[in-house]
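Novice: Sequence and computational prediction follow.
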Amino acid sequence: MKKKILLIPLALLLVISLVAIGCPAPEPSPPPPTPPAPRVPTLAEPMTLEEIEAALEPLRGRELVVVSWGGAWQRTQTMAQLDPFAEKFGIKVIQESPTDLAKIMAMVDAGNTTWDVVDVETRQPEMLGPRGYLEELDYTIIDPRTTVPEAVTPWAIGTIFWSTVLVYHEEAFPEGGPQSFVDFWDVENFPGPRSLRQNPYGNIIFALVADGVPVDQIYPLLWNEKEETLDRAFRKLDEIKPHITVWWTSGSQPVQLLATGEVVIATAYNGRIYELQQDGIPLEIAWNGAHASIDSWVIPKGAPNKDVAMLFIAWATQPEIQASITEFIPYGPPNTLANAYIDPTWGPVVSGLPSAPENLAVQVIADGVWWGENIEQLLERWTEWMLE
């Protein structure tokens with residue numbers, strides 16, 4: 001009868017050997033952190049558009065206080081969604097601006113919330129929701145199933161994609177301009193004054209792209225190897241820092257710098273660049289490695305018209321309603337079905353939107369959970385780095 005041969009794994013042999021000579025066995029390393037799993041349940045059948053509109057009918061005569069950022073974006077919201085909503089359902093929409101997180105917190109803490117729906121940026125739901133300052137959204141009313149997962153949280157659902165992109169002045173590069181952030185960092189082949197935002201948001205991402213990290217690996221690295229990855233990003237930022245002639249602090253600033261020729265390459269918000277292109281200024285956008293951010297709707301805790309707010313968000317995030325934004329501004333819908341409802345006769349047609357499939361595929365989609373957890377620490381490090 002043949003004897004069975006017992007195969008002992010190499011790792012086990014090492015442990016046995018160490019114990020035999022009196023050394024303690026090495027403790028296994030803890031698993032690295034991973035991005036949190038989606039916290040929104042998958043629902044079979046949320047309300048349809050017809051059901052939402054039927055539920056809004058009995059609410060005629062009510063009010064809804066909507067808060068956003070002002071400027072061109074809030075004017076767009078007014079034309080595309082707020083005015084049509086008020087007219088269709090007989091609900092008085094009262095607008096305020098700008099969005100103010102400190103004010104939301106103060107209202108909730110005082111038990112005197114007066115805002116019903118607020119437009120917030122990518123990281124802000126994670127700064128408020130887990131701390132009890134936002135209502136959880138009702139996903140039996142709101143349908144999240146065709147919205148990109150990065151734009152859905154327990155407290156927020158996306159209303160637009162907007163991108164911070166690489167932009168260059170075509171006249172400065174007659175042989176062809178930079179096509180990625182690798183080229184932005186290449187000051188020999190693409191010379192000229194440059195501008196970046198005075199903020200770590202976006203710049204950390206661009207530095208990693210410039211250092212060769214694939215766009216789909218940026219946030220996995222930031223989750224699993226945060227400190228090493230941030231050190232890598234800041235080392236790369238050290239390289240470009242001497243070549244940045246202006247650190248911009250408002251969305252209008254890089255637009256003015258590019259228009260006047262004070263800089264020839266910059267990062268900027270895609271919507272601002274579209275306006276200049278329409279005025280005939282020869283600027284070109286490179287989508288490769290851009291940072292696609294998300295604005296979302298939230299409901300502050302204790303909102304006086306929570307029922308109206310929930311139905312408004314459900315209505316405004318339907319694909320045919322969300323698509324209407326693109327008639328007035330080149331920001332893309334996070335609802336993946338909305339592109340089918342965009343009229344090609346509108347100015348910023350699908351191919352020029354941040355959410356266009358070919359554009360979104362080469363961008364880094366912002367992870368609001370990661371930024372919500374890390375922005376305060378990063379702002380401190382960024383301030384110290386800027387003073388070096």
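Specialist: Okay, I see it. On a predicted model such as this, the values are computed, not experimentally measured, just so you know.
Novice: shouldn't Met105 be in contact with Tyr133?
Specialist: Yes - the pair Met105 / Tyr133 is scored as a contact, 5.6 Å apart, by CB atoms under 8 Å. In this view, the C-beta of every residue, glycine as well, is placed from N, C-alpha and C.
Novice: helix or strand right after the longest strand anywhere in the chain?
Specialist: Looking across the chain with DSSP state E, the single longest strand is strand 283-298. Following strand 283-298 in sequence order, the next helix or strand is helix 306-316 (DSSP states H and E).
Novice: what packs against that next one?
Specialist: helix 49-56, strand 63-67, helix 83-89, strand 117-120 (3 or more CB pairs under 8 Å, 6 or more residues apart in numbering; DSSP states H and E).
Novice: which of those sits most buried?
Specialist: strand 117-120 (a mean of 25; mean count of other CB atoms under 10 Å).
Novice: what separates the strand or helix carrying Ile321 from the chain centre, distance-wise?
Specialist: Assessed by DSSP H and E, Ile321 sits inside helix 319-322. The chain centroid and the centroid of helix 319-322 are separated by 19 Å under CA atoms, centre = their mean, to the nearest Å.
Novice: For the helices and strands packed on helix 306-316, give me CSV that also has distance to Tyr331 and mean pLDDT.
Specialist: As requested, the helices and strands packed on helix 306-316 are arranged in CSV below (distance: least, CB to CB, whole Å; pLDDT from 0 to 100):
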stretch, distance to Tyr331, mean pLDDT
helix 49-56, 22, 97
strand 63-67, 17, 98
helix 83-89, 17, 98
strand 117-120, 12, 98
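Novice: so which of the ones you listed gets nearest Ala156?
Specialist: strand 117-120 (6.8 Å; CB to CB).
Novice: Packing partners of the longest strand of the chain?
Specialist: Where contact means 3+ CB pairs under 8 Å, 6+ apart, strand 283-298 is packed against strand 117-120, helix 124-128, strand 157-169, helix 181-185, helix 200-210, helix 270-278, helix 357-360, strand 364-365.
Novice: Going by mean pLDDT, which of these comes out lowest?
Specialist: For those, the weakest mean pLDDT is recorded on helix 270-278, namely a mean of 85.
Novice: Could you name the helices and strands sitting against that one?
Specialist: Short answer (3+ CB pairs under 8 Å, 6+ apart): helix 270-278 packs on strand 157-169, helix 252-260, strand 283-298.
Novice: May I see the ones you listed arranged in TSV, with mean neighbour count and distance to Ala309 as well?
Specialist: Shown next, in TSV, are the helices and strands packed on helix 270-278 (neighbours: other CB atoms under 10 Å; distance: least, CB to CB, whole Å):
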stretch	mean neighbour count	distance to Ala309
strand 157-169	26	12
helix 252-260	18	31
strand 283-298	24	8
